[in-house]
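> 3D model of this:
(chains A, B and C)
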Amino acid sequence: MRAECLSFTTDYGLADGFVAACHGVLLRHAPGVPVIDVTHLIPPGDVRRAAAVLAQTLPHLPDGVHLAVVDPGVGTVRRALVLQTPHGVLVGPDNGVLSWAAAALGGARAAHALRPVPGMSATFHGRDLFAPAAGDLAAGRDVTELADPVPLPSVVTLPPPVLREVPGGLDAEVVTVDRFGNVQLAAGALTFPDRDRPDAVLVAGTPVRYGTTFGSVAPGEPVLYLDSAGLLALAVRDGSAAERFGLRAGDLVPIRLP
Amino acid sequence: MRAECLSFTTDYGLADGFVAACHGVLLRHAPGVPVIDVTHLIPPGDVRRAAAVLAQTLPHLPDGVHLAVVDPGVGTVRRALVLQTPHGVLVGPDNGVLSWAAAALGGARAAHALRPVPGMSATFHGRDLFAPAAGDLAAGRDVTELADPVPLPSVVTLPPPVLREVPGGLDAEVVTVDRFGNVQLAAGALTFPDRDRPDAVLVAGTPVRYGTTFGSVAPGEPVLYLDSAGLLALAVRDGSAAERFGLRAGDLVPIRLP
Amino acid sequence: MRAECLSFTTDYGLADGFVAACHGVLLRHAPGVPVIDVTHLIPPGDVRRAAAVLAQTLPHLPDGVHLAVVDPGVGTVRRALVLQTPHGVLVGPDNGVLSWAAAALGGARAAHALRPVPGMSATFHGRDLFAPAAGDLAAGRDVTELADPVPLPSVVTLPPPVLREVPGGLDAEVVTVDRFGNVQLAAGALTFPDRDRPDAVLVAGTPVRYGTTFGSVAPGEPVLYLDSAGLLALAVRDGSAAERFGLRAGDLVPIRLP
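You can find the predicted model right below:
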């Protein structure tokens, strides 16, 4: 019943002791369970960014308990959630941060709200509420010992990234920009199906070829490809597409047939 | 006799291989003991910052061996210390970096100075002197095999952050500023005791309300609250108090009754 | 036959989920083997920097399997390598990133090229090809189950950093600059042998004394010393030699007898 792993995602940064304090709590509550840090560099309060990183990363981890604390509403009435999926348990605030990951792990099958812990601080629920619960669940404790069931439809869900058909093509939201400046779009493999897909499209007015990888184009050239999460992405070989096209997460990118 | 955990704190940064070399040494000397990285982003040589992070973080870790190397005096005559406390063992240079953590863990009960290791480098005592010692101690080796006792009063102690009463209020030093721009002050829960505490005070001339958390005020408003380390802290809901008030660690903040 | 440790080095950064996805794969393939992160902050595509960090760090880790993915050529025809050395196994792209570490671990004794994995992504071979192989090897699987032998001389090797004698002294390449601004040079202990070494030399025209450590000179003064990797290095006590001398990795530094 012990989990194969814990994962841990926050916007705490790496310069303070917050992440380590939570690791201490996880170790106390679930000794022997390996902990994988997903990232602690989510921009402060950026729930959407965290949701995207979680959804794309957790499916590659062993089934386990996934703790995610990006919680601008700490100290307000938002609930503290446990979501059970076919491939793992998610623990975090009820602000949507878990919602895309729940879908990626097969869909939430049950939701519970954590009971408050006596003496917990008002501002560091990661350490005092979420980490103890995640640790206990990873150690095999039953969720009902810590939390009360809540209706699944009451759980906060983030709206999906925008993808819409428009005359002559699509508008697609930038889901993430990675360290290399690759721009991931809210569009999948079937974006331009069967209707004899052209070799190139116009991305924000610039012709861009389709390829299977960066190596499909010459250095300095842009390319559209299916990335490792199965989404359409825009890259510049040996360069940064985010810089070249001036794009960041949340922007809407016009993609047009030539 | 094996420790439940090791912790590791430095100013080495995360871009070089220094932290990993020490992890390798810890793993050789204490296989099977989990290692928690507190932070490696202490600003280079900032002993006071490291002392504050350690004091606030280590009490949340299992009892263990805590290695902290912020050591601008490496290669001078400063001693290499082992401090024993009721809740763990501290290993690091004798420059005060361990002193606040020792107090937070119940007070130093004994101090030892590590003997030099044959062949150790002149500039990387973290890898060659401190990490092997921390690993050996975590593996259950007795401190007297590695180190000689030194008198507790001879150990370097950092002066505490400034907190002083002045006419009409207090001046309090900024202890830390965290990633969110929350400003932690050298003042605790009893700062404004019983004498019917007002709802608000003047912080650097600006009226600021007391609250229990960020949610106690409207977005964009400042608030004073007791933070998760039990210290008075200044925050701006959904913003950065450090930016708003132009404060950083070491600054003295005037707090006045209105 | 299980490895004592895995190590992991990339240019993926710490803000995305790429490192964690690979950790998940390593945990699936080699449960129970501790993983040491060397660094994930190699500048994107900087194969030389990664090679230097690996060569200086891996010898301090237990013998194990070392995964290094700095791979600007992902998606081109470069091979995926496994190099066996007397003190560990190296896994990564065949672009030279492993070459200096192989030498530091006693020299490559055998080389294999990984077979492609069915269904692997075109752009994330770290997760889909390299990490599964590193995990399998760490779990004790034989390399021939995953890879085919290739001739050692066919393996890409980086040219060593430049060190050349010139009239009146040496020109030495900057190998690395660390977080403290210490400048490591491609010159070892025997650089100025027996011919009664002077107390000081001219570094880029500035007189600099030899010392054993930073403490050998006054605060603010430059010093040449043998660093913890056994290389000649230039530091400024309580300061940054890289800033003072305007140096970065790859620069050629003139060192002249006075």
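> List the pairing partners of the lowest-mean-pLDDT helix or strand in chain A within its sheet, with orientation.
In chain A, no helix or strand scores lower on mean pLDDT, DSSP states H and E than strand A:200-203, which sits at a mean of 90. Strand A:200-203 has the following strand partners under DSSP bridges: strand A:206-210 (antiparallel), strand A:252-256 (antiparallel).
> Burial check on residue A:109, number of neighbours?
12 (other Cβ atoms under 10 Å in any protein chain shown). Heads up, the C-betas are built off the backbone N, CA and C, glycines and all.
> re the thing from before, could I get the buried residue list for the least confident helix or strand of chain A?
Buried residues in strand A:200-203, counted by 16 or more other Cβ atoms under 10 Å in any protein chain shown: A:200, A:201, A:202, A:203.
> tell me which residues of stretch A:135-153 are tucked away?
So, applying 16+ other Cβ under 10 Å, buried residues of stretch A:135-153: A:135, A:136, A:137, A:138, A:139, A:143, A:146, A:147, A:150.
> Does the first one touch residue A:6 like I think?
Yes: the pair residue A:135 and residue A:6 passes the contact test of Cβ atoms under 8 Å, sitting 7.4 Å apart.
> anything in contact with each of these two?
Shared contacts of residue A:135 and residue A:6 (Cβ atoms under 8 Å, 6 or more residues apart in numbering or on different chains): A:26, A:30, A:33.
> Surely the first one is within a helix?
Yes: note on residue A:26: a helix contains this position according to DSSP: H, G, I helix; E, B strand; the rest coil.
> In three-state terms, label the closest residue to it other than its chain neighbours for me.
Distance criterion Cβ to Cβ, 6 or more residues apart in numbering or on different chains; nearest residue to residue A:26, sequence neighbours excluded, is residue A:135 at 4.7 Å. In three-state terms, and counting by three-state DSSP, residue A:135 is helix.
> what's residue A:135 in contact with, if anything?
Neighbour list for residue A:135: A:6, A:25, A:26, A:27, A:28, A:29, A:30, A:33 [criterion: Cβ under 8 Å, 6+ apart].
> out of the residues you listed, which is most surrounded?
residue A:6 (28 neighbours).
> Quickly list what that residue is bridged to.
Beta-bridge partners, per DSSP bridges, of residue A:6: residue A:35, residue A:65.
> gap between it and residue C:15?
To residue C:15, residue A:6 is 20 Å away according to Cβ to Cβ, to the nearest Å.
> got it, and residue A:200?
Taking Cβ to Cβ, one finds residue A:200 at 31 Å from residue C:15.
> Then residue A:106?
According to Cβ to Cβ, residue A:106 stands 27 Å off from residue C:15.
> go on, residue A:142?
35 Å.
> residues touching residue A:241, list them.
Neighbours of residue A:241 in contact, by Cβ under 8 Å, 6+ apart: A:181, A:182, A:183, A:222, A:234, A:235, A:247.
> could you turn stretch A:14-24 into CSV, dropping everything but the C-alphas?
Provided in CSV are the C-alpha atoms of stretch A:14-24 (Å, rounded to 0.1, in the frame of the first residue of the first chain):
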residue,chain,number,x,y,z
LEU,A,14,15.1,27.3,-4.5
ALA,A,15,16.7,30.1,-2.4
ASP,A,16,14.6,29.8,0.7
GLY,A,17,14.2,26.8,3.1
PHE,A,18,10.5,26.2,2.3
VAL,A,19,11.0,23.3,-0.1
ALA,A,20,13.4,21.6,2.4
ALA,A,21,11.0,22.1,5.3
CYS,A,22,8.4,20.2,3.3
HIS,A,23,10.9,17.5,2.4
GLY,A,24,11.5,17.1,6.1
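> Does it reach chain B?
Yes: using Cβ under 8 Å from any Cβ of the partner chain, stretch A:14-24 reaches chain B at A:14, A:15, A:16, A:17, A:18, A:19, A:20, A:21, A:23, A:24.
> so who does the second one touch?
Contacts for residue A:15 (Cβ under 8 Å, 6+ apart) come out as B:39, B:41, B:42, B:179.
> again with the fourth one
If you count contacts by Cβ under 8 Å, 6+ apart, residue A:17 has them with B:38, B:39, B:53, B:54, B:56, B:57.
> Leaving out the residues flanking it, which one is nearest to whichever residue of the stretch 101-250 of chain A sits closest to chain C?
Closest to chain C within the stretch 101-250 of chain A is residue A:213: 2.8 Å, counting by Cβ to the nearest Cβ. Using Cβ to Cβ, 6+ apart and skipping the chain neighbours, the partner closest in space to residue A:213 is residue C:75 (2.8 Å).
> now the one you found: how far from chain B?
Separation of residue C:75 from chain B (Cβ to the nearest Cβ, to the nearest Å): 26 Å.
> Could you verify my assumption that residue A:245 touches residue A:208?
No: in this structure, residue A:245 is not within contact of residue A:208 by Cβ under 8 Å, at 9.3 Å.
> Quickly list what's touching both of the two.
Common neighbours of residue A:245 and residue A:208 (Cβ under 8 Å, 6+ apart) are A:222, A:234.
> Could you list which residues are in contact with the nearest residue to residue A:21 once chain neighbours are set aside?
Distance criterion Cβ to Cβ, 6+ apart; nearest residue to residue A:21, sequence neighbours excluded, is residue B:60 at 4.1 Å. Contact partners of residue B:60, counting by Cβ under 8 Å, 6+ apart, are A:20, A:21, A:24, A:25, A:127.
> out of those, who's nearest chain C?
Relative to chain C, the closest of those is residue A:20; by Cβ to the nearest Cβ it sits at 15.1 Å.
> returning to that earlier point: okay, and which of the contacts of residue A:17 map to helices?
Judged by DSSP state H, those include B:53, B:54, B:56, B:57 as members of helices.
> Filter those residues down to the buried ones, PyMOL style.
Selection of buried members from the ones in helices among the contacts of residue A:17 for PyMOL, criterion 16+ other Cβ under 10 Å:
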select buried, chain B and resi 53+54+56+57
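> Could you measure from the residue nearest to residue A:26 over to residue B:57?
For residue A:135 relative to residue B:57 (Cβ to Cβ), the value is 17 Å.
> Tell me what angle the helix or strand where residue A:235 lies forms with strand A:206-210.
According to DSSP states H and E, residue A:235 maps onto strand A:231-236. On the basis of axes from the mean of the first three to the mean of the last three Cα atoms, to 10 degrees, strand A:231-236 is oriented at 120 degrees to strand A:206-210.
> Next SSE downstream of strand A:231-236?
helix A:241-245.
> What mean pLDDT does that next one get?
Mean pLDDT, computed over helix A:241-245, is 97.
> Could you do stretch A:250-258 as well?
Summarised as a single mean, pLDDT over stretch A:250-258 is 92.
> which other residues reach that stretch?
Here stretch A:250-258 makes contact (Cβ under 8 Å, 6+ apart) with A:48, A:162, A:166, A:168-174, A:183, A:185, A:187, A:198, A:200-205, A:207, A:234, A:245, A:247.
> Are any of those buried, and if so which?
Using 16+ other Cβ under 10 Å, the buried ones in the contacts of stretch A:250-258 are A:48, A:169-174, A:183, A:185, A:187, A:200-204, A:234, A:245, A:247.
> thinking again about what came up before, the strand holding residue A:235 packs against which elements?
Judged by 3 or more Cβ pairs under 8 Å, 6 or more residues apart in numbering or on different chains; DSSP states H and E, strand A:231-236 is in contact with strand A:183-188, strand A:222-226, helix A:241-245.
> Adjacent strands (with direction) for the second one?
Strand A:222-226 has these partner strands in its sheet, going by DSSP bridges: strand A:206-210 (parallel), strand A:231-236 (antiparallel).
> Then the first one?
Looking at strand A:183-188 with DSSP bridges, its paired strands and their directions are strand A:169-177 (antiparallel), strand A:231-236 (antiparallel).
> now those strands as a markdown table including mean pLDDT?
Below are the strands paired with strand A:183-188 laid out as a markdown table (pLDDT from 0 to 100):
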| stretch | mean pLDDT |
| --- | --- |
| strand A:169-177 | 95 |
| strand A:231-236 | 95 |
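> any low-confidence regions in chain A?
Scanning chain A for pLDDT under 70 picks out A:189-197.
> Now residue A:101. Nearest residue, chain neighbours left out?
Take residue A:101 and drop its neighbours on the chain: the residue closest to it by Cβ to Cβ, 6+ apart is residue A:54, 3.9 Å away.
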